[in-house]
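J.: Return atomic coordinates for the entry below.
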Amino acid sequence: QVQLVESGGGLVPAGGSLRLSCAASGRTVSRYTMGWFRQAPGKERDIVAATNWNGDFKYYSNSVKGRFTISRDNAKNTVYLQMNSLEPEDTAVYYCAAGKFYSTSEQGYDYWGQGTQVTVSS
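T.: Just a heads-up that it's a prediction; the model follows:
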């Protein structure tokens, strides 16, 4: 089993930055695809970014491309989401997820964190 714990969320003004972290425990996720998803109130959970096990392949949704960066440190069993130029539309609960195969679909992930709230004020 893999346990994922997100941290780094909070309240930030528009234009600001936050760095989310997702620490994995239970087993190494160095060979797993890692993804970040978000869910805003009243909306479905959508993918934000994903990276394959060694970072060679990365995906970003159109809404965050150029502003967010996903990275991972396999030695620390941790994945990060650097979020810059934040907008009020980025307000959501952000979830970290791990999957055995590369996927940009929610169904492709096997393990999920509990989520961290990101609120961007206008």
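J.: Double-check E6 against W112; I have them as touching.
T.: No: at 9.8 Å, E6 and W112 do not qualify as touching, with contact defined as CB atoms under 8 Å. Placement of C-beta: from N, CA and C, glycine included.
J.: can you map out the helices along this structure?
T.: Taking DSSP state H as the criterion, the chain carries no helices.
J.: Nearest to the spatial middle of the chain, which residue is it?
T.: W36 (2.3 Å; CA atoms, centre = their mean).
J.: And that one, what's its pLDDT?
T.: At W36, the pLDDT value in this model is 98.
J.: Check G55 too.
T.: Taking G55 on its own, its pLDDT is 89.
J.: Once you drop chain neighbours, what's closest to it?
T.: On the basis of CB to CB, 6 or more residues apart in numbering, the spatially nearest residue to G55 that is not a chain neighbour turns out to be R72, at 6.1 Å.
J.: list the contacts for that neighbour?
T.: Residues touching R72, when contacts are defined by CB atoms under 8 Å, 6 or more residues apart in numbering, comprise M34, T51, G55, T78, V79, Y80.
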